[in-house]
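[1] would you be able to build a 3D model of this:
(chains A and B)
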Amino acid sequence: MQAYIDQLIRDGYFAGMPKEVVYAVAMVLAAFIVLSVFVAPLAGVTSWLERRVWARMQSRVGPNRVGPQGILQWLADGIKNLLKEDLIPSAADAKLFSLAPYVVFVGFLCAFVVIPFGSQLIVADLNIGILYILAVTSLVVVGILMAGWSSNNKWSLLGGMRSAAQIVSYEIPAGLSILTIVFLAGTMSMQGIIKAQGWAPWDWFLFNNPFTFAAFFLYFTAALAEGNRTPFDIPEAESELVAGYVTEYSGMRFLFFFFAEWGNLYVIGAVATTLFLGGWQVPPVTSDPILLGVLQFVVFFLKAYLWVFIAMWVRATLPRVRVDQLMALCWKYMVPLSFLCLLGTICWMLVFPKGNQIFSVAMFVLGLLIVAYFFKRVVFQIRHARPELYFKPHI
Amino acid sequence: MDHPYFPLLILFTLAGAVVLGLLFVAQKVGPKSPNPVKAEPFESGNPPRGDARIRFSVRFYLVAMLFLIFDLEVVFLYPWAILFRQLGLFGLIEMGIFLGILLIGFVYVWKKGALEWD
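    Next comes the predicted model:
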């Protein structure tokens, strides 16, 4: 982008303006376009898709009125929330209460800075990339605690405390399983991690050794818990805490919390794709830079969205866990297991300094077999459930 | 301008500005009909009883402390992870001792019952 602006300046479009100001204005414009054209619709459409997917999984129809197939539902929801009264409870700590949505929103949005959508398509390739994501998404905890404490409501306080305890606990298995990849790649930069992998599935870190394979699932589980997603959504458990830390929020402020939750879902998918699934790596099919860029973006987007879809699926399938089960799962199973993955990966790197291609291919084939068997079961179940009685995808 | 963290600053500011702008619009176009019942804390329809800043379980503090210890440890491991190939055997033994001490701590915490939640 810098080169393009330099070209414009040389052509004399911004005569009389300091170069720095032009850069800054262009950056703000670009960031705004990214926010309004990519992030906002992404979170919105994800919210619509999630409701649609659940509906399908529960033999319902789901939202289908606003726009074709109901795809504009998120816009309608946004406008509705915008037109609601802006309410601050009288006993609430007004300053903290209004500050909380900012913190949550900033924490989620700033993760998009280092997400590599293509070999050129990244806002800033920081050399601490993955550590930065861990740090900035932790801001959300602060926002949730602020919301819970300042609302002056018992449900909010309990929800906020539970959420904070849960997010900080699951940060450890997530951090440790990310660490296995940092060991393999030898860098924290997101582009560097992707470049250390290849386009072929057996070059992905997922199939590098059995320990990274396990670390991937540990990471995904921990990330779901960090995003307060079912089966780990006890902070907002409707049946016990009304709405947890958002009980007192309404209108736009309420929306920002859920904007962040759905946007965060994509960040989880994108990080999983970058670390374990080869990111934007595509087979060398074309040398045209623009075509290649588009192809990389599509590949990355689809890989990341697959995990968003699986998160929806998990949410529609699994029941919620109890608080003590949640904590036991984290501290007694996931933390020791992720340590084991870490040590295993280190040993693997010592035994096979260059990796083991044969083993990777074998792992890949095994993974394919598992997926194939799973789909065989799904097809079997669908046949026996006589879906033609109710399965009409285009209602 | 060429600083790698410059886009970060822009996005931080922009995220704040978006929230501010949308809340401002919501305040302008939204209806306003304040009444004392609406501004009460929500307690499932009953009139609120007592202070909402109740005492909560001491377990939460314990979790916070455990988090501090283990998360810091994970952060300490990151530099080693990057230099793993250069440091070789020396780094491995050094960090093995570090991890060993932490493992003893973890077992101790577990045996003490700090990980039980009831």
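[2] let me see the contact set for residue B:29.
    A:82-83 (C-beta atoms under 8 Å, 6 or more residues apart in numbering or on different chains). Glycine gets a C-beta too; all of them are placed from N, C-alpha and C.
[3] so how far is residue A:86 from it?
    10 Å (C-beta to C-beta, to the nearest Å).
[4] check which helix or strand covers the residue nearest to residue A:140 when sequence neighbours are not counted.
    Distance criterion C-beta to C-beta, 6 or more residues apart in numbering or on different chains; nearest residue to residue A:140, sequence neighbours excluded, is residue A:107 at 4.3 Å. Assigned by DSSP states H and E, residue A:107 belongs to helix A:94-109.
[5] and if you look at residue A:180?
    Applying DSSP H and E, one finds residue A:180 within helix A:154-185.
[6] same question for residue A:335.
    helix A:335-351.
[7] between helix A:154-185 and that helix, find me the angle.
    In terms of direction (axes from the mean of the first three to the mean of the last three C-alpha atoms, to 10 degrees), helix A:335-351 departs from helix A:154-185 by 10 degrees.
[8] so whichever helix or strand comes after helix A:335-351 versus helix A:335-351, what angle?
    Downstream of helix A:335-351, the first helix or strand assigned by DSSP H and E is helix A:357-384. Orientation check (the same axes, to 10 degrees): helix A:357-384 against helix A:335-351 gives 140 degrees.
[9] which other helices and strands does helix A:357-384 contact?
    Under the contact criterion of 3 or more C-beta pairs under 8 Å, 6 or more residues apart in numbering or on different chains; DSSP states H and E, helix A:357-384 touches helix A:210-226.
[10] mean confidence score for the next helix-or-strand element following the helix it packs on?
    With elements assigned by DSSP H and E, the helix or strand that comes after helix A:210-226 is helix A:238-241. Helix A:238-241 carries an average pLDDT of 72.
[11] what of stretch B:110-118?
    Averaging pLDDT residue by residue across stretch B:110-118 gives 81.
[12] near chain B, which residues of the stretch 201-350 of chain A?
    A:242, A:247-248, A:251-253, A:256, A:323-324, A:327-328, A:331-332, A:335-336, A:339, A:342-343, A:346, A:349-350 (C-beta under 8 Å from any C-beta of the partner chain).
[13] if we use 10 Å, what do you get?
    By the rule C-beta under 10 Å from any C-beta of the partner chain, the part of the stretch 201-350 of chain A lying against chain B is A:242-243, A:247-248, A:250-253, A:255-256, A:259, A:322-328, A:330-332, A:335-336, A:338-339, A:342-343, A:345-346, A:349-350.
[14] put the buried members of those into a ChimeraX selection.
    Written as a ChimeraX command, the selection of buried residues from these, which uses 16 or more other C-beta atoms under 10 Å in any protein chain shown, is:
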select /A:242,243,247,248,250,251,252,253,255,256,259,323,326,327,328,330,331,335,338,339,342,345,346,349
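[15] one step back: burial count for the residue nearest to residue A:140?
    22 (other C-beta atoms under 10 Å in any protein chain shown).
[16] isn't it up against residue A:138?
    Yes. Between residue A:107 and residue A:138 there is a contact at 7.4 Å, judged by C-beta atoms under 10 Å.
[17] how about residue A:161, what does it touch?
    Each residue near residue A:161 by C-beta atoms under 10 Å, 6 or more residues apart in numbering or on different chains is listed here: A:144-145, A:148-149, A:235, A:244-245, B:56-57, B:59-60, B:63.
[18] now those in a markdown table, with neighbour count?
    Formatted as a markdown table, the contacts of residue A:161 follow (neighbours: other C-beta atoms under 10 Å in any protein chain shown):
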| residue | neighbour count |
| --- | --- |
| A:144 | 30 |
| A:145 | 20 |
| A:148 | 27 |
| A:149 | 22 |
| A:235 | 24 |
| A:244 | 27 |
| A:245 | 33 |
| B:56 | 15 |
| B:57 | 15 |
| B:59 | 18 |
| B:60 | 13 |
| B:63 | 23 |
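[19] out of those, who's nearest residue A:377?
    Within the contacts of residue A:161, distances to residue A:377 taken as C-beta to C-beta reach their minimum at residue A:235, with 33.2 Å.
[20] hmm, back to that, how far off centre is the helix or strand just after the helix holding residue A:107?
    As assigned by DSSP H and E, the chain's next helix or strand after helix A:94-109 is helix A:129-137. A distance of 13 Å separates the centroid of the chain from that of helix A:129-137, by C-alpha atoms, centre = their mean, to the nearest Å.
[21] so helix A:129-137 versus helix A:154-185, what angle?
    Going by the same axes, to 10 degrees, helix A:129-137 makes 170 degrees with helix A:154-185.
[22] where does the chain dip in pLDDT?
    Picking chain A for this. Within chain A, the set of residues satisfying pLDDT under 70 comprises A:1-10, A:12-17, A:235, A:237-238, A:386-395.
[23] oops, chain B please
    B:1-2, B:118.
[24] residue boundaries of the helices in it?
    With DSSP state H as the criterion, chain B has helices at B:6-29, B:59-82, B:84-112.
[25] between those helices, which gets nearest to residue A:356?
    Nearest of the helices of chain B (C-beta to C-beta): helix B:84-112, 16.8 Å.
[26] what is that closest one packed up against?
    helix A:154-185, helix A:335-351, helix B:59-82 (3 or more C-beta pairs under 10 Å, 6 or more residues apart in numbering or on different chains; DSSP states H and E).
[27] so can I have CSV of these showing distance to residue A:274?
    CSV is the format used below for the helices and strands packed on helix B:84-112 (distance: least, C-beta to C-beta, whole Å):
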stretch, distance to residue A:274
helix A:154-185, 9
helix A:335-351, 17
helix B:59-82, 16
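[28] mean neighbour count, these: which tops it?
    Neighbour counts (mean count of other C-beta atoms under 10 Å in any protein chain shown) averaged over each of the helices and strands packed on helix B:84-112 peak at helix A:154-185, with a mean of 25.
[29] what's the angle from it to helix A:210-226?
    160 degrees.
[30] next secondary structure after helix A:154-185?
    Taking DSSP H and E, what comes next after helix A:154-185 is helix A:190-195.
[31] touching that next one from outside, list them.
    Against helix A:190-195 from outside (C-beta under 10 Å, 6+ apart): A:113-116, A:118-120, A:122, A:124-130, A:132-133, A:178, A:181-182, A:184-187, A:189, A:205, A:270-271, A:273-281, A:296, A:300, B:82.
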